[in-house]
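*Asks:* Got a predicted structure plus its sequence, pasted below:
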Amino acid sequence: MEKNIFAKLIANALNLQERAVANTLSLLEEGCTIPFISRYRKERTGGLDEVQIAAISDRYDRLKEIEKRKETVTKTITDLEKMTPELQQRIDACWDATELEDIYLPYKPKRRTRAQVAREQGLEPLAMILLQQRERDPERAAERFVCGDAIATSTDALKGAQDIIAETVSEDERSRQQLRNAFARQAIITSKVVKAKADSDEAAKYSDYFDWSEPLKRCSSHRLLAMRRGEAEGILRISITPDDEEAVERLKRHYVYGNTPCGKLVAEAVEDGYKRLLKPAIETEFAALSKEQADEEAIHVFAENLRQLLLGAPLGQKRVMGVDPGFRTGCKVVCLDAQGNLLHHEAIFPHPPVNKRMEAAMSILKLIRKYQVEAISIGNGTASRETNEFIKDVLAGKYNIDTSSKAPDSQPQVFVVSESGASVYSASKIAREEFPDEDVTVRGAVSIGRRLMDPLAELVKIDPKSIGVGQYQHDVDQTKLKHSLDQTVESCVNSVGVNLNTASQHLLMYVSGLGPTLAKNIVDYRRENGAFTSRAQLKKVPRLGPSAFQQCAGFLRIPGAKNPLDNSAVHPESYAIVEKMAKDQNCTVADLINNKEKREAIDIKQYVTAETGIPTLTDIMKELEKPGRDPREQLEEFEFDKNVASIDDLTEGMILPGIVTNITNFGAFVDIGVHQDGLVHISQMADRRIAHPLDVVKLHQHIKVRVIEVDRRRNRISLSMKGL
């Protein structure tokens, strides 16, 4: 199929310029990645962003699937010798998957139906007689079709003819579309508990849905996914149905021409076709469609949460102490150098039941002094708050420890970081390769320490699904979820850029154009030949050809490189332009970067060429102003309210500091330091109406909340951000 037809269809669907879509499709076909196209091919795409390019790519894949399906449909109908020029024309012009299946349905091979049996018995002419409704005595007409045991009476003949009519009605495109419209307008989704399971423990969490119904079009994605999970676990029974009476009446208007004997038989057949064939088919369709839409919403929220987590503020290369807190099993403490290498690990027991607080305090001070610790990273799991307070007390000198082992003058900053997925990482193949001689607790603490230094570099080692920042991630379409999350990780890695000389294989994997094999080859080359001194050196890496170099070079950084552009987002293909700019200003490229006046004296219009336009030149000038700038925010310290330690300390009206730990489409969960996250419902997030929590909050944002309800029995805390 010509690509320009796809370009036209996609441009119309996404409201984009056809030329921009066509050029984007060409770039994707050439093997260009989404980050590369959005960053370095703005002239060809008209400045489309990553979201738009990803949408074009997804639509293109869908259209190719429909094209493939059309080939199957055409072949099947042709083999049945039922193809006509009009039918072929309709198939060729159709680009809607549902419509294509409707066209195909009457010809689609299916299990032997009652209608097929009736047709084999020669009852199709009788069905046509009934449908025309001109015969005054259908019983007498049916007698002509009585033959042997199969059709012993005229009643048998009429029943067979009605089966044919029922199937004809259910397969008619107009009938199906009419019922779809009814479902879209007025379908009700109903959830009932399976009686045998009503009193079981596992059913308790679905109690809200034991007797629930609402219009399908108003059913939010989290409610729908909750009901579908209950159904999958055998606890709930779900149905989607329109107004049956109205739907049947509408169908009868098309097929029944009056209150005649034939008309009555057709009316019965229409009702049977609706109940037995048509309604179940459209209900299945809408169940799948509503699930797909709910999946899309949940996946979008998950991807957005993941993006915010990956783009969390990095502390940078500092000497860090990582602490994985715990009560009974103690706190695992590790000391890392500024590159994240493990220098030391031990366990301390400052909390009940062991309570060796003084011993633990001495260990902390000794390690801070010995390894010149600049920052302390504490996981936000069990005993997090108690460990945070303990370490801050140690640093504040609350334990009378002799001066020989006290902390250095410049005290390390203390941060609490998300430990989501740390246990998954610690048991993974990657962790075993990194630390073959250490146990899972040490690996987990190392991950917590490294997350403070650079969340992105550490989190790429964990399967995004295991990071736990979504809702119903195990219930949504797993292929779509993986595709979306992989795209998100790739987008984040490339928007930040990667240090070519320090990046792990797992981080390099996500760089545009690389993948696992080339990432490994780069690390191997670095090990054998030492640090890269220029981007051009990448061409010496085995199997890294011109195409991969073009895709990856702009996203890799070399701090301290001889050519300062090698530590910027300026692509090597544009170096000559920058060199010409510098030459025209009678200076070096480094001078151009360091001298604002010289940059301001440049008229970028003079450097426009057939390949390089104003968008690229504007990006180059921004990059020369701040080469290799990190788009991530600065890290901030955080402290919980000291007067609140458990849910029993909460009272309505309290205003407390909190950290956003998870965002769903119905609100945000906030850690207020009481071992149980509270929920800020979407209706309590702002004084105005908002479309989505992501419009107001970000993951790990520090916010103020008001306690509006404490349900101690169900361990639920309701919070509000209104007026704060």
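*Replies:* Alright, I've got the coordinates.

*Asks:* tell me how far stretch 279-299 is from the chain's mean position?
*Replies:* Here stretch 279-299 shows a centroid-to-chain-centroid distance of 18 Å under the convention C-alpha atoms, centre = their mean, to the nearest Å.

*Asks:* So that it lines up with my notes, have the first residue be 17 from now on.
*Replies:* OK, 17 is where the count begins now, so the last one is stretch 295-315.

*Asks:* gap between the residue of the chain positioned farthest from its centre and residue 163?
*Replies:* Taking C-alpha atoms, centre = their mean, the residue of the chain most remote from its mean C-alpha position is residue 156, at 63.9 Å. Here the criterion is C-beta to C-beta, to the nearest Å. By it, residue 156 lies 16 Å from residue 163. (C-beta placed from N, C-alpha, C; glycine too.)

*Asks:* Quick check, pLDDT for residue 424.
*Replies:* Listed pLDDT for residue 424 reads 54.

*Asks:* Hmm, I typed the wrong one, I wanted residue 575.
*Replies:* 92.

*Asks:* Show the contacting residues for it.
*Replies:* By C-beta atoms under 8 Å, 6 or more residues apart in numbering, the contact set of residue 575 is 515, 517, 583, 644.

*Asks:* go again using 7 Å as the cut-off
*Replies:* Shown in contact with residue 575 (C-beta atoms under 7 Å, 6 or more residues apart in numbering): 515, 583.

*Asks:* That one in helix, strand or coil?
*Replies:* Residue 575 falls in the coil class when you classify it by DSSP: H, G, I helix; E, B strand; the rest coil.

*Asks:* and it, backbone torsions?
*Replies:* Main-chain torsions, residue 575, degrees, to the nearest 10: phi -60, psi 140.

*Asks:* Show the average pLDDT along the longest helix along the chain.
*Replies:* Assignment by DSSP state H gives helix 295-326 as the longest helix of the chain. Averaged across helix 295-326, pLDDT comes to 93.

*Asks:* Which elements pack onto it?
*Replies:* helix 189-202, helix 237-248, strand 252-257, helix 471-475, helix 494-512, strand 671-680 (3 or more C-beta pairs under 7 Å, 6 or more residues apart in numbering; DSSP states H and E).

*Asks:* ok now the longest one, how far from the chain's centre?
*Replies:* Right, the one you point to is helix 494-512. That offset, for helix 494-512, works out to 8 Å (C-alpha atoms, centre = their mean).

*Asks:* same check, this time on stretch 29-46
*Replies:* In this view, stretch 29-46 has its centroid 23 Å away from the chain centroid, taken as C-alpha atoms, centre = their mean.

*Asks:* Quick check: buried residues in it?
*Replies:* By neighbour count on 16 or more other C-beta atoms under 10 Å, the buried set for stretch 29-46 is 32, 36-41, 43-44.

*Asks:* returning to that earlier point: quick one: name whatever helix or strand follows the longest helix of the chain.
*Replies:* Following helix 295-326 in sequence order, the next helix or strand is strand 336-340 (DSSP states H and E).

*Asks:* can you list contacts of that next one?
*Replies:* 347-352, 383-384, 389, 391-395, 403, 457, 460-462, 464-465, 468-469.

*Asks:* List the buried residues in that strand.
*Replies:* The neighbour-count check on strand 336-340 (16+ other C-beta under 10 Å) flags 336-340 as buried.

*Asks:* now, which of those residues sits nearest residue 179?
*Replies:* Closest approach between these and residue 179, by C-beta to C-beta: residue 340, at 67.8 Å.

*Asks:* quick one: residue 723 from residue 621, how far?
*Replies:* For residue 723, the distance to residue 621 - C-beta to C-beta - is 59 Å.

*Asks:* what pLDDT does the nearest residue to residue 415 once chain neighbours are set aside get?
*Replies:* Spatially, and ignoring its direct neighbours in sequence, residue 415 is nearest to residue 377 (4.1 Å; C-beta to C-beta, 6 or more residues apart in numbering). On pLDDT, residue 377 comes in at 94.

*Asks:* And the one 4 residues further on, by the same measure?
*Replies:* According to the model's per-residue confidence, residue 381 sits at a pLDDT of 93.

*Asks:* From residue 374, how far out is it?
*Replies:* 11 Å.

*Asks:* The two: who's more crowded?
*Replies:* Shown here are residue 381 and residue 374; by other C-beta atoms under 10 Å, residue 381 has more neighbours (21 against 12).

*Asks:* If you count neighbours, what's buried in the helix or strand that contains the more buried one?
*Replies:* Using DSSP H and E, the element containing residue 381 is helix 373-386. Going by neighbour count (16+ other C-beta under 10 Å), the buried part of helix 373-386 is 373, 376-384.

*Asks:* same check, this time on stretch 405-413
*Replies:* Buried residues in stretch 405-413, counted by 16+ other C-beta under 10 Å: 405-407, 410-411.

*Asks:* Could you do stretch 535-553 as well?
*Replies:* For stretch 535-553, the buried set under the neighbour-count rule, 16+ other C-beta under 10 Å, comprises 535, 537-539, 541-542, 548, 551, 553.
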